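J.: Show me the folded form of this:
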Amino acid sequence: MKEYDCIIIGAGAAGIMATIEVAKNNSNVLLLEKLPKIASKLKATGGGRCNLTNTLSNEEFMQHFGREGRFMTPALNLLDHKSLQNFFHNIGVETHAPDGFRVFPVGHNAVAIIDGLKRELERLGVEVICSKKVESLLVYENQIKGIKTKNKEFFSSSVIVATGGMGYPMLGAEGDGYRLAQEVGHKITELHPAMMPLKTKERWGANCRADTIAKVEMRVNIKKYKKLYAKGDLIFTKDGIRGPVVLDFSREITPLLTKYSEVPIVMNLTKGMNEEQIRQAFKSKPTLSTLELVKTLLPESVSLELCKLANCNPKLTLGKQKGQNRDQLIKLLAWTPLTINGHDGFKMAMITRGGVSLKEIDPNTMQSKKIRGLYFCGEVMNLDGPCGGYNLQWSFASGYLAGKLL
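T.: Modelled structure (predicted):
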């Protein structure tokens, strides 16, 4: 009966990093992946460009994860963005930050990252078995003993669960890790799809699909949640909104949609201008039609729709509009209301909000506080961040920490 030094479940970013680190100190390591190939989700990340991390300090980085962010401190102290770039350099993959913030592989192709990781797994002699789904964890007297697949058992006193979440279900995400953890006594927090397009009650945005609006600020328009905020580029769709700002904001919205059937939001589409600034800008161009005036701030498609919403005749000058309509247009330009009323669930989600409770995991080791020898890393835990390399950095760092200490 063969016993492994360590078994890692899941060959995504966290699982592969954990495997590599374990294998540096152990000769008998097994990596199990239920899909036919490793790193399928990694290949799709960032539209195939693979935004690995970003250049924020650890302190700033953790703030973007909210209340739970400080849990990452030990992992990021071991593997921050500079150390991650150095890791890839050492396995033959060069990276850069062309915009000074987001870090990509040179060439902006995820295949380079995957090929480098594969080479390192081979160099270390790791046994990799694909198309093998783990059915359950083997536990005896609060000590991990191994794992069970459909027709075989694999034994080890150290098991790392790196199964990811439920985002990208077309790439095999089914929430296996949540079930495995729950079956051995771990608490799973409420799960919500995140990083996804959102649907709106209003339909006027369907006429604005041709244009991307930069630097849009979004806020929830419910008194209790007014602090929820995101900023970035916005794209209208036939039934809602998408774009980087929506991907980020959906992390906050999808949990609210389980409490409310509709979530009102307001958007500043005019790069932060307030009502008074908009009025002053318009006063300097009194001869332009209302549509031409609004077009100095926004694309024509959006300008026309906002004129309609304010009951303004787009051909008349602003001075010839009714006072209440003119005021309404200014208000709409400063804060445009929308009502979020749905989404497409996990099938369109890139990540999962929620997971294995952090209270039951030691942040210094990633080991379970309930089962000796059981470790977690990556998205399977209750920790998620916005777009911009946050989630991949966390996956690599948590995998590195879990594997480094074994």
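
J.: Can you give the distance from stretch 164-181 to the centre of its chain?
T.: Taking Cα atoms, centre = their mean, to the nearest Å, one finds the center of stretch 164-181 at 15 Å from the center of the full chain.

J.: quick one: contacts of that stretch?
T.: Where contact means Cβ atoms under 8 Å, 6 or more residues apart in numbering, the residues beyond stretch 164-181 that reach it are 9-10, 12, 14, 34-35, 40-41, 44, 133-134, 136-137, 161-163, 188, 191, 193-195, 346-347, 349-352, 355-356, 376, 378-380, 384. For every residue, glycine as well, the C-beta is placed using N, CA and C.

J.: Swap in 7 Å and give it another go.
T.: For stretch 164-181, the external contacting residues (Cβ atoms under 7 Å, 6 or more residues apart in numbering) are 10, 12, 34-35, 40-41, 44, 134, 136-137, 161, 163, 188, 191, 193, 195, 346-347, 349-352, 355-356, 378-380.

J.: after the helix or strand harbouring Val266 comes which helix or strand?
T.: In this assignment (DSSP states H and E), Val266 forms part of strand 263-268. Scanning forward in sequence from strand 263-268 by DSSP H and E, the next helix or strand is helix 275-283.

J.: hmm, back to that, list the buried residues for the strand holding Val266?
T.: Val263, Ile265, Val266, Met267, Asn268 (16 or more other Cβ atoms under 10 Å).

J.: With stretch 33-48 instead?
T.: Within stretch 33-48, the residues that qualify as buried by neighbour count (16+ other Cβ under 10 Å) are Glu33, Lys34, Leu35, Ile38, Ala39, Ser40, Lys41, Leu42, Lys43, Thr45, Gly46.

J.: ok, now stretch 277-297?
T.: Neighbour-count burial for stretch 277-297 [16+ other Cβ under 10 Å]: Ile278, Arg279, Phe282, Ser289, Thr290, Leu291, Glu292, Leu293, Val294, Lys295, Leu297.

J.: Among those residues, which one lies nearest to Leu52?
T.: Leu297 (35.7 Å; Cβ to Cβ).

J.: Parallel or antiparallel, which strands does the strand holding Val266 pair with?
T.: For strand 263-268, the paired strands and their directions (DSSP bridges) read strand 212-220 (antiparallel), strand 336-342 (antiparallel).

J.: What I need now is those strands written out in CSV, including distance to Glu127, mean pLDDT and mean neighbour count for each item.
T.: Compiled in CSV, the strands paired with strand 263-268 are given as follows (distance: least, Cβ to Cβ, whole Å; pLDDT from 0 to 100; neighbours: other Cβ atoms under 10 Å):
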stretch, distance to Glu127, mean pLDDT, mean neighbour count
strand 212-220, 47, 97, 19
strand 336-342, 45, 98, 18
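
J.: Next, Phe376: phi, psi?
T.: Reported as degrees, to the nearest 10, the phi and psi values for Phe376 are phi -130, psi 150.

J.: And it, how close does it get to Tyr178?
T.: 11 Å (Cβ to Cβ, to the nearest Å).

J.: Which one of the two is surrounded by more residues?
T.: Higher neighbour count among Phe376 and Tyr178: Phe376, with 29 against 22, using other Cβ atoms under 10 Å.

J.: you'd agree that one is up against Met366?
T.: Yes: the pair Phe376 and Met366 passes the contact test of Cβ atoms under 7 Å, sitting 5.8 Å apart.

J.: what sits up against the strand holding Val266?
T.: 216-222, 253, 256-257, 334-340.

J.: let's see it at 6 Å
T.: 216-221, 253, 256-257, 335-340 (Cβ atoms under 6 Å, 6 or more residues apart in numbering).

J.: and if you look at stretch 8-27?
T.: Stretch 8-27 has contacts (Cβ under 6 Å, 6+ apart) with 5-6, 29, 31-33, 38, 41-42, 117, 120, 124, 126, 134, 160-164, 377-378, 392, 395-396, 398-400, 402-404, 406.

J.: Where strands are concerned, which of the residues you listed count?
T.: Assignment to strands by DSSP state E places the following of the contacts of stretch 8-27 there: Cys6, Val29, Leu31, Leu32, Val134, Ile160, Val161.

J.: For these, give me a markdown table that also has distance to Lys199.
T.: Formatted as a markdown table, the entries for the ones in strands among the contacts of stretch 8-27 read as follows, by distance: Cβ to Cβ, whole Å:
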| residue | distance to Lys199 |
| --- | --- |
| Cys6 | 44 |
| Val29 | 45 |
| Leu31 | 39 |
| Leu32 | 37 |
| Val134 | 35 |
| Ile160 | 37 |
| Val161 | 33 |
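
J.: Out of those, who's the most crowded?
T.: Neighbour counts for the ones in strands among the contacts of stretch 8-27 peak at Val161, which has 34 neighbours (criterion: other Cβ under 10 Å).

J.: So which bits of stretch 229-241 are buried?
T.: If you call a residue buried by 16+ other Cβ under 10 Å, then stretch 229-241 has these buried ones: Ala230, Lys231, Gly232, Leu234, Ile235, Phe236, Thr237, Asp239, Gly240, Ile241.

J.: Okay, and which of those map to strands?
T.: Filtering those for membership in strands, criterion DSSP E, returns Ala230, Lys231, Gly232, Leu234, Ile235, Phe236, Gly240, Ile241.

J.: what's the most distant pair in these?
T.: Maximum pairwise distance in these, criterion Cβ to Cβ, is 18.6 Å, between Lys231 and Gly240.

J.: Looking at this structure, which residue reaches furthest from the middle?
T.: The C-alpha centroid of the chain is most remote from Lys320, which lies 47.3 Å away (Cα atoms, centre = their mean).

J.: Ramachandran coordinates for the spatially closest residue to that residue that is not a sequence neighbour?
T.: Take Lys320 and drop its neighbours on the chain: the residue closest to it by Cβ to Cβ, 6 or more residues apart in numbering is Asn313, 8.0 Å away. Comment: the main-chain dihedrals of Asn313 come out as phi -80, psi 110, following degrees, to the nearest 10.

J.: Could you measure from Asn313 over to Leu180?
T.: To Leu180, Asn313 is 62 Å away according to Cβ to Cβ.

J.: which of those two has more neighbours?
T.: In this comparison of Asn313 against Leu180, neighbours counted by other Cβ under 10 Å, the higher total goes to Leu180 at 23 against 15.

J.: Can you classify that one as helix, strand or coil?
T.: helix (DSSP: H, G, I helix; E, B strand; the rest coil).
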